[in-house]
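Asker: take this sequence and fold it.
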Amino acid sequence: MKTIIIARELLKNCYILLKSDEMDNIKTDVNELLNYIYIQGIKPYIIEEKNDAFIQDPVFDIKRNRIIAEILEAIVRLDLEKNEQIIKKLFHYLEKTQNKKGYWNEIHPNYDQPSALITSIIGVTLLMNYNRFQDETTKKVITLASRYVISQQKSPGYFVKSVCYTSDYLNVDATCGAFLALYGETFSDEECIKLARQAAEHVCNYQFFNGSFPYTVNEEKESSHLNIPCIHYQGVTIYYLSKINEVIKEKWLKEHIIRAVEWLVRVQRDDGRFDWSKSGLMFAYYLTGSYAFAFSSFLYASKWDKKYLKNAKLCMKVLKRNHDNLFFRWEKDSWATIPLSVPITIKSALIGNYTLKQKLFRFGYGLYRQIARRRFSEQLDDKFFLKITKLLKIKVSTIEPFSNYPDLFMSSEVLDCLSCING
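Answerer: Numbering: from 1, shown residues only. Take a look at the predicted model:
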């Protein structure tokens, strides 16, 4: 009997060592990939001025504060930038561009408007900077940001995304909650922690029985009743719920996160790619960043069960196939598989309670994306898509060119999510 017990302990220790090696291998892969993307794809677009630095989007020629924030998180976590002055200048640019009322605008090729979502994302990044240097100016900026985010709470747990987008987007609630949770933890603000808990409760109350989260949960006209699951925003929501959980550490939240992660497991194929027929949000169809958010979700869940490391590694396999110097906007594919994409798109188009006209548009939207992700060009042209949406009187806010392209926005999301491997 004693021999059997010793043998079991040895096997257990071997298993732990194997899992440790597996994590080390994932860390190595992440570091190599992100170092390459940062040096080759991102750093060339960092523009330094006297006291500031920003990142110029090479495709849309705009300066997105969200991109700066997400890339800064990766830079700090993984020590990607050796020049400390560049880091300080990027942080200074973020602080400098805050509005006097505490918010930052969501800067997009189609609009530029105050946003609680963007304010929360930048707020999380600035908290990282404050924790490094304990700078009082940064503290004032973050505190002002927290007050603005709180002012955008429409009802317990429901935060308005921005001026023009006021539906209840669960990923927005989770993001705002994450910022308030981290703010509350940093500055011992119990009220902010309470609001973060309410945000998590609100999001989890709407989780579908199968573990997926809907994109929106109300019927405002602008949302087109998008009470449907989405692979991309499933990962986004889990990513920010996990930040809340690190502060409040509630058993019920852990259980909801595990259920959400299990849904991602079920829609992931053996080669790492997702089954997009299970995803109903057409403007987030096949986004490359989906694999980064899923990676962070699987990695977080591996704290409780190491089996999820396999799924995280599969996400890495897909990401490695979908970049040049920057990550592609959408998951690429070969023209040979285009016939197989038709039934996938039909299934996606039929998700949700839509009219026949809307279902036909959703199918056309999906098919447009299936073709676009197989074409590659840095000359973006979305005139055809805009004509169709205008003809059908359907509002869209995303950029929909008829070709795939290296995307700074996707790249910043990937860097942010993958760098979580270092905390």
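
Asker: didn't Leu287 look like it was pressed against His232?
Answerer: Yes. Under the criterion of C-beta atoms under 8 Å, Leu287 makes contact with His232 at 4.9 Å. C-beta: built from backbone N, CA, C; applies to glycine.

Asker: which stretches of the stretch 51-200 of the chain form strands?
Answerer: Ranges of strands in the stretch 51-200 of the chain, per DSSP state E, counting those that start in this stretch, are 53-55, 104-107, 112-115, 153-155, 158-159.

Asker: among those strands, which is nearest His92?
Answerer: If you check each of these against His92 by C-beta to C-beta, strand 53-55 wins as the nearest, at 7.9 Å.

Asker: now the closest one: buried residues?
Answerer: When neighbours are counted by 16 or more other C-beta atoms under 10 Å, the buried residues of strand 53-55 are found to be 53-55.

Asker: what's the answer for stretch 156-172, then?
Answerer: 157-162, 165, 167-172.

Asker: any idea which helix or strand comes after the helix or strand that contains Asp21?
Answerer: Asp21 is part of helix 2-36 when elements are defined by DSSP states H and E. Counting by DSSP H and E, the next helix or strand C-terminal to helix 2-36 is strand 46-48.

Asker: any idea how far Ala199 is from Asn245?
Answerer: Remark: distance between Asn245 and Ala199 (C-beta to C-beta, to the nearest Å) = 12 Å.

Asker: meant to ask about Pro109
Answerer: According to C-beta to C-beta, Pro109 and Ala199 sit 29 Å apart.

Asker: cool, Asn404 as well?
Answerer: Per C-beta to C-beta, Asn404 is found 35 Å from Ala199.

Asker: compare those two (neighbour count), which wins?
Answerer: Between Asn404 and Ala199, counted using other C-beta atoms under 10 Å, Ala199 has the larger neighbour count: 29 against 24.

Asker: that one contacts Gly157, correct?
Answerer: Yes. In terms of C-beta under 8 Å, Ala199 counts as a neighbour of Gly157; the distance is 4.6 Å.

Asker: tell me, what's touching these two both at once?
Answerer: Here Ala199 and Gly157 have 173, 177 as joint contacts, going by C-beta atoms under 8 Å, 6 or more residues apart in numbering.

Asker: how many neighbours does Arg77 have?
Answerer: Number of residues near Arg77 (other C-beta under 10 Å) recorded here: 18.

Asker: for it, what are its contacts?
Answerer: Arg77 makes contact with 419-420, 422-423, according to C-beta under 8 Å, 6+ apart.

Asker: what is the nearest of those to Ile257?
Answerer: Distance ranking of the contacts of Arg77 against Ile257, using C-beta to C-beta, places Cys420 first at 14.2 Å.

Asker: next one: the closest one from Val414, what distance?
Answerer: For Cys420, the distance to Val414 (C-beta to C-beta) stands at 11 Å.

Asker: who's more crowded, those two?
Answerer: For the pair Cys420 and Val414, the greater number of neighbours falls to Val414 (28 against 20), based on other C-beta under 10 Å.

Asker: element containing that one, please.
Answerer: Val414 belongs to helix 408-418 when assigned by DSSP H and E.

Asker: got the contact list for that helix?
Answerer: Counting contacts by C-beta under 8 Å, 6+ apart, the residues touching helix 408-418 from outside are 30, 33-34, 37-38, 41-42, 45, 55, 57-59, 64, 66-67, 70-71, 73-74, 235, 239, 287-289, 291-293, 295-296, 319, 323, 326-329.

Asker: among those residues, which ones are buried?
Answerer: If you count burial by 16+ other C-beta under 10 Å, the buried members of those come out as 30, 33-34, 37-38, 41-42, 55, 57-59, 64, 66-67, 70-71, 73-74, 235, 239, 287-289, 291-293, 295-296, 319, 323, 326-329.

Asker: returning to what we had before: dump the buried residues of strand 53-55 into CSV; add distance to Tyr148 and pLDDT as well.
Answerer: As requested, those are arranged in CSV below (distance: C-beta to C-beta, whole Å; pLDDT from 0 to 100):
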residue, distance to Tyr148, pLDDT
Ala53, 24, 97
Phe54, 22, 96
Ile55, 24, 96
